[in-house]
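*Asks:* Here's a sequence, model it:
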Amino acid sequence: MSRPISPRSAPPEPGPPEQAPLRRTLPRVPDRFAVAGVVLLALITLAALLAPWLAPYPEDHLDPVNALRPPSAEHWLGTDEVGRDVLSRILYGAQTSLLIAAAVLGASSVVGVTLGVVAGYAGGWLRDVIMRITDVFLAFPALLLSVALAVVLHPSVATVIVAIAVTWWPWYTRLAASTAASVATRPYVDAARCLGVPAPLIVLRHVLPNSLTPVLVQLSLDAGGVILTAAALSYLGLGAQDPTAEWGLMVQLGQSRFTTNWWLAAFPGLAILLTAFACNVLGEGLRNALDPRRTVR
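*Replies:* Residues are numbered from 1 along each chain as shown. From the prediction side, this is the model:
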């Protein structure tokens, strides 16, 4: 005769299967600041593209009768010393600033990533030569080297692009070289070598695509810095020249009248600040989203 099983020794009743926490099953929610940066940068880019239709006046419209008018219903952000509408020039200036940023980041990333991937994959003496040349450029402060180059060249928008791009590519070279060197030692790259795949094809199919993630994050973080550097060169008189609409130049032209006509420098400066803020916030959000070490708790 078997003894009855006591309540303590009875097996536990099967319950519902344990479920993962809800936060672990949901996709990662984008950072609110990153979303705000994307929206703000998208609005600035859209305003730049639609400047000919959004601007109430042409970029170089002169109206000396209404010179130095404060913000009003007719001129929302006031007018400058020759009667040009400040709002219109800020909208057209967005085209210039974003063009400079896109050209600088495009040229410097193409040169930097190409040299970095070649150095990281090839290694040996080729890597040493590329890295030593890169170190020479990194030894000089970027802004001082840009100013020196801009002084030698004729002041213009093209000068700003060249002067900044020459000092910006080494950062992408070092970043791409370190990432490519890590990718080059992975098993799928070794397998491609064993199968006899040519080195250029390995670089294009495997090394380059897997080396771009940190570069893309760095590009988004650097966009604001490029805009600030371009504005600084124009402020020093080494970049865009009047009558070209450029935010740094507008700040430089309005600084002498800041105590009496504050809107001449305040609104272009605010445009620079907002654009740089949007780029930095977007870069931080992109870095958090693409960082594989970041886990949701």
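
*Asks:* rest of the way, CA atoms for contacts and neighbours
*Replies:* Will do.

*Asks:* can you give me the helices in the chain?
*Replies:* 22-25, 32-49, 51-54, 86-122, 124-138, 142-152, 157-183, 187-194, 199-202, 212-235, 247-254, 263-290 (DSSP state H).

*Asks:* in the longest one, what counts as buried?
*Replies:* Within helix 86-122, the residues that qualify as buried by neighbour count (16 or more other Cα atoms under 10 Å) are 86-105, 107-109, 111-122.

*Asks:* Please apply the same query to the fifth one.
*Replies:* By neighbour count, with 16+ other Cα under 10 Å as the criterion, the buried positions of helix 124-138 are 127, 130-131, 134, 137-138.

*Asks:* What is the nearest of those residues to G239?
*Replies:* Nearest to G239 among the buried residues of helix 124-138: F137, at 21.5 Å, using Cα to Cα.

*Asks:* Correct me if wrong: that closest one contacts T167.
*Replies:* Yes: look at F137 against T167 with Cα atoms under 8 Å: they come within range, at 6.8 Å.

*Asks:* Quick check: which ranges of the protein have low pLDDT?
*Replies:* Applying pLDDT under 70 to the chain picks out residues 1-31, 291-297.

*Asks:* From the chain's centroid, how far away is stretch 129-138?
*Replies:* 23 Å (Cα atoms, centre = their mean, to the nearest Å).

*Asks:* Then stretch 122-129?
*Replies:* Relative to the mean C-alpha coordinate of its chain, stretch 122-129 is positioned 29 Å out (Cα atoms, centre = their mean).

*Asks:* from now on call the first residue 46
*Replies:* Taking 46 as the first residue, the last one we looked at is stretch 167-174.

*Asks:* And A321, how far from V83?
*Replies:* 12 Å (Cα to Cα, to the nearest Å).

*Asks:* try L143
*Replies:* 15 Å.

*Asks:* Could you do T204 as well?
*Replies:* 29 Å.

*Asks:* which residues does E291 contact?
*Replies:* 134-135, 137-139, 141-142, 276, 279, 285 (Cα atoms under 8 Å, 6 or more residues apart in numbering).

*Asks:* I'd like the residues you listed laid out as a markdown table, including distance to R231.
*Replies:* Putting the contacts of E291 into a markdown table (distance: Cα to Cα, whole Å) gives the following:
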| residue | distance to R231 |
| --- | --- |
| R134 | 52 |
| I135 | 49 |
| Y137 | 48 |
| G138 | 47 |
| A139 | 44 |
| T141 | 43 |
| S142 | 41 |
| A276 | 43 |
| S279 | 46 |
| A285 | 47 |
